[in-house]
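*Asks:* This is a predicted model, with the sequence first.
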Amino acid sequence: MFTGRLGVLISGRGSNLQALIDAVADGRLAASIAVVISNREDAEGLERARRAQIEATCVSHRGWHSRDDYDRALVRELERRRVDLVCLAGFMRVLGPAMIDAFPKRILNIHPSLLPAFPGRNAQQQALDCGVKIAGVTVHLVTSEVDGGPIVLQRAVPVLDSDTVETLSARILAEEHRAFPEAVGMLLNEAWAVDGRRFLRHGRVDEALPSRPPAGN
Ligand code: GRF
């Protein structure tokens, strides 16, 4: 089976990164994590990666002439490690065309709401403020529209009367940790297609990620 190379981008805690590390380690996800990149030096996720013997590095978003320059620096780091799929695991920067064009339909984001409801920040608080009874998680392909790319997978959780933003976030997060490795596995190892905004799970085989020759060939 094709063992895809992941580049995981983080900004903080890294619990979704941990879910990917664990899924690879226990064989649920046929992939390898080639590199973890944080835009913040103090991101807890960098330590999680290093503990798992995964290369981890900080590429700060500060000090670049433009957002495009920062994106190009990310592309260089990811291409240098021959990354097949980029996973945004709590990466708090909006990606521009330099990244999106370098990895077309090859960037996956996880968002703590049932998109298109509650895009952007504080999705769980937005859900409480709107009084919805069902919240959840969305894993989607990244396009130029923030939180608007084709939806790969969604999972719902109930909103309880007793919920605070902390308890709702924790319930969603538990679902995130199952959903993200599952979605990554689908993208790497299944046939799929994109038709407009729709991700079609049983698409044509030619949309599956191409296998790469082993390093050095
Ligand atoms: C998660 O809720 C994810 O959905 C959102 O940012 C948070 C990151 O958490 N995009 P962690 O760093 O993976 O623990």
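*Replies:* Now that the structure is in, tell me what you want to look at. Numbering: from 1, shown residues only.
*Asks:* I figured residue 72 hits residue 95, correct?
*Replies:* No. At 11.3 Å, residue 72 does not count as touching residue 95 under the criterion of C-beta atoms under 8 Å. For the C-beta atoms, the positions are set from N, CA and C on the backbone; glycine is no exception.
*Asks:* Which residues of the protein lie near the ligand?
*Replies:* 10, 12-16, 89-90, 110-112, 173, 176 (C-beta under 6 Å from any ligand atom).
*Asks:* so the residue of the chain found nearest the ligand, which of the three states?
*Replies:* The minimum distance from the chain to the ligand, using C-beta to the nearest ligand atom, falls at residue 90 (2.6 Å). Following DSSP: H, G, I helix; E, B strand; the rest coil, the label given to residue 90 is coil.
*Asks:* And residue 154, by the same measure?
*Replies:* State at residue 154, reduced to three classes by three-state DSSP: strand.
*Asks:* So what pairs up with the nearest residue to it once chain neighbours are set aside in the strands?
*Replies:* Excluding the flanking residues, the one nearest residue 154 by C-beta to C-beta, 6 or more residues apart in numbering is residue 138, at 5.0 Å. Beta bridges link residue 138 to residue 111, residue 154, judged by DSSP bridges.
*Asks:* Wait, residue 138 touches residue 151, no?
*Replies:* Yes. Taking C-beta under 8 Å as the definition, residue 138 is a contact partner of residue 151 at 5.8 Å.
*Asks:* Find the residues that touch each one of these two.
*Replies:* Counting by C-beta atoms under 8 Å, 6 or more residues apart in numbering, the common neighbours of residue 138 and residue 151 are residue 115.
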